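Visitor: Next comes the sequence, and after it the predicted model I'd like to discuss.
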Amino acid sequence: MAQIVGGFLVPHDPLIFAAGGAVRPELRDAVFGAYTEVSQRLAELDADAVVVFGTDHYILFGPGCLPQALIGIGELDGPIDRMPGLDRRTIPHHPELAEHVLRHVLANDFDLACAKVLTVDHSVAIPHQLIVEPAGAALPVIPFYLACGVDPVIPIRRAARLGRLLREAVEAWPGSERVAVIGSGGISHSVGEADMGRINSDFDRMVLDHAERGDVEGLCALPDETVLRDGGNGAMEIRNFVAAMSAVPGAQGEVVAYHPVAEWITGLGFVQLHAGPVAAEVVA
Amino acid sequence: MSLSMLEKVLYDLNVDRTAKQAFRQDPDALLARYRLTDDEVGLIKAFDLHELATRGVNPMLLMGFWQLSRQDLPAYLRRIATPLRQQTVNDSSVGTPGGPDDSTREK
């Protein structure tokens, strides 16, 4: 039986590349060092595939089609929004497992869009290039995109349900793959709004506390209005955290690093999700 | 005519190289291809971020669109925070599409 062996919550702040010189070298090194640490921990999981929950930034999907949730089941490359230090490249994929996940999710009454080919954006490419690829150059990625940044966003409990369906799908796969999950997102950050640059470390610590406890329900109980007020519009990406936390059986978090970086406008949190015994779950 | 059409225009001006080039060369001609009111055309040509945001345009589209103005991030923040009529003459001079822009978001 295939299984989800663990996961991570990591940021995908493009300013670490686009404005790399804006912060003092020690802080920059600490942030990139956190990515390296996560990559090493991923390698220790001996995973055969990595699922990444990312977010479209109104680049991949336009007003003509805005999926609530999408899985990439075929060839991958990216990012579409390349930048110095983040070049566009082919990304290894696992089409058989990805299609199985899609079919399982659809068969369980969850409408999931699919991309038969996909050029990802930085929300998948940054974890791929800084974490997955260094852990294994041929390690395949299965990307999900959850609507976090473009209205209408996916209800957060739907993100949790999708995470659980992913776990079920992997466990129903006849292969023996070990699968890791990454929830990609910044914590507090405001993107493009007048308060861009505002970071709320109290909010960030609250989210990290929930992640450490594996408290999916606690995050799902946060009203969107509260998240927007306290964390900014970018904090809606906690949907990706919730999906990853829900996919890892009995997830308990361990904070690897946390850096609120004003110059990069984001609270950057790095968490390892350790798999553990599955208690009776609250059905979100 | 609608928020959706404003977002369609700005999405194209984020990701479509041809649309960007056409906007730089003749913004009126490019914008005439969309179902927009004269008021909406004026908001786009003036890079009136504050009013566009007030009308509900997604701020990620506004950030990408701002690249066409050839202005920096601090100018963006001033522009989105304040109604255009309250801004300085110098700052509000933006409105003429400029030179080459960052094309890395193009499809």
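Guide: Right, received. Where do you want to start?
Visitor: Give the bridge partners for A:T55, please.
Guide: A:L146 (DSSP bridges).
Visitor: got it, and A:V255?
Guide: With DSSP bridges as the criterion, A:V255 is bridged to A:V271.
Visitor: Distance check, it against A:Q272.
Guide: For A:V255, the distance to A:Q272 equals 8 Å [Cβ to Cβ, to the nearest Å]. C-beta: built from backbone N, CA, C; applies to glycine.
Visitor: What are the buried residues along the helix ranked longest in chain B?
Guide: Secondary structure of chain B per DSSP state H: the longest helix is helix B:3-15. Judged by neighbour count (16 or more other Cβ atoms under 10 Å in any protein chain shown), helix B:3-15 contains these buried residues: B:6-15.
Visitor: quick check, nearest of those to A:G72?
Guide: For the buried residues of helix B:3-15, the residue nearest A:G72 by Cβ to Cβ is B:V15; the value is 18.5 Å.
Visitor: Need the pLDDT of A:G62.
Guide: As predicted, A:G62 sits at a pLDDT of 97.
Visitor: who's in contact with it?
Guide: A:G62 sits next to B:8, B:11-12, B:15 when contact means Cβ atoms under 8 Å, 6 or more residues apart in numbering or on different chains.
Visitor: In the chain, what residue spans correspond to helices?
Guide: This is for chain A. A:15-18, A:25-44, A:95-107, A:122-127, A:133-135, A:156-172, A:201-213, A:216-220, A:224-231, A:238-247.
Visitor: nope, chain B please
Guide: For chain B, the helices defined by DSSP H cover B:3-15, B:17-25, B:27-31, B:38-45, B:49-54, B:59-66, B:73-81.
Visitor: what's the second one packed up against?
Guide: Here helix B:17-25 is seen to pack against helix B:3-15, helix B:27-31 when contacts are counted using 3 or more Cβ pairs under 8 Å, 6 or more residues apart in numbering or on different chains; DSSP states H and E.
Visitor: ok, now the third one?
Guide: Helices and strands in packing contact with helix B:27-31 are listed as helix B:17-25, helix B:38-45; criterion 3+ Cβ pairs under 8 Å, 6+ apart.
Visitor: Of A:V255 and A:Q272, which one has the most company?
Guide: Legend: neighbour count by other Cβ atoms under 10 Å in any protein chain shown for A:V255 and A:Q272, higher for A:Q272 (22 against 15).
Visitor: Read off the pLDDT value for residue 96.
Guide: If you meant another chain, say so; for now it's chain A. 98.
Visitor: Oops, wrong one, chain B.
Guide: 48.
Visitor: can you check A:V117 too?
Guide: A:V117 is given a pLDDT of 98.
Visitor: so what's it up against?
Guide: A:72, A:74-76.
Visitor: Now, those residues that are in strands?
Guide: The strands, defined by DSSP state E, take in A:72, A:74-76 from the contacts of A:V117.
Visitor: farthest-separated two in the residues you listed?
Guide: For the ones in strands among the contacts of A:V117, and using Cβ to Cβ, no pair is farther apart than A:G72 and A:E75, which are 8.6 Å apart.
Visitor: These two - which one has more neighbours?
Guide: Using other Cβ under 10 Å as the criterion, A:G72 and A:E75 rank with A:G72 on top: 27 against 15.
Visitor: you'd agree that one is up against A:P140?
Guide: No: counting by Cβ atoms under 8 Å, A:G72 does not reach A:P140; the two are 11.0 Å apart.
Visitor: which parts of the helix-or-strand element of chain B with minimal mean pLDDT are buried?
Guide: Least confident helix or strand of chain B, by mean pLDDT, DSSP states H and E, is helix B:73-81 with a mean of 92. Neighbour counts using 16+ other Cβ under 10 Å place B:75-81 of helix B:73-81 among the buried residues.
Visitor: tally of neighbours for the closest residue to A:R164 other than its chain neighbours?
Guide: The shortest distance from A:R164 to any non-neighbouring residue, by Cβ to Cβ, 6 or more residues apart in numbering or on different chains, is to A:S246 (5.0 Å). A:S246 is flanked by 28 other residues according to other Cβ under 10 Å.
Visitor: And the pLDDT for A:S246?
Guide: pLDDT at A:S246 comes out at 98.
Visitor: if I pick the closest residue to chain A within chain B, what's in contact with it?
Guide: Proximity of chain B to chain A (Cβ to the nearest Cβ) peaks at B:P59, 2.8 Å away. Counting by Cβ under 8 Å, 6+ apart, B:P59 touches A:191-193, A:233, B:53, B:80.
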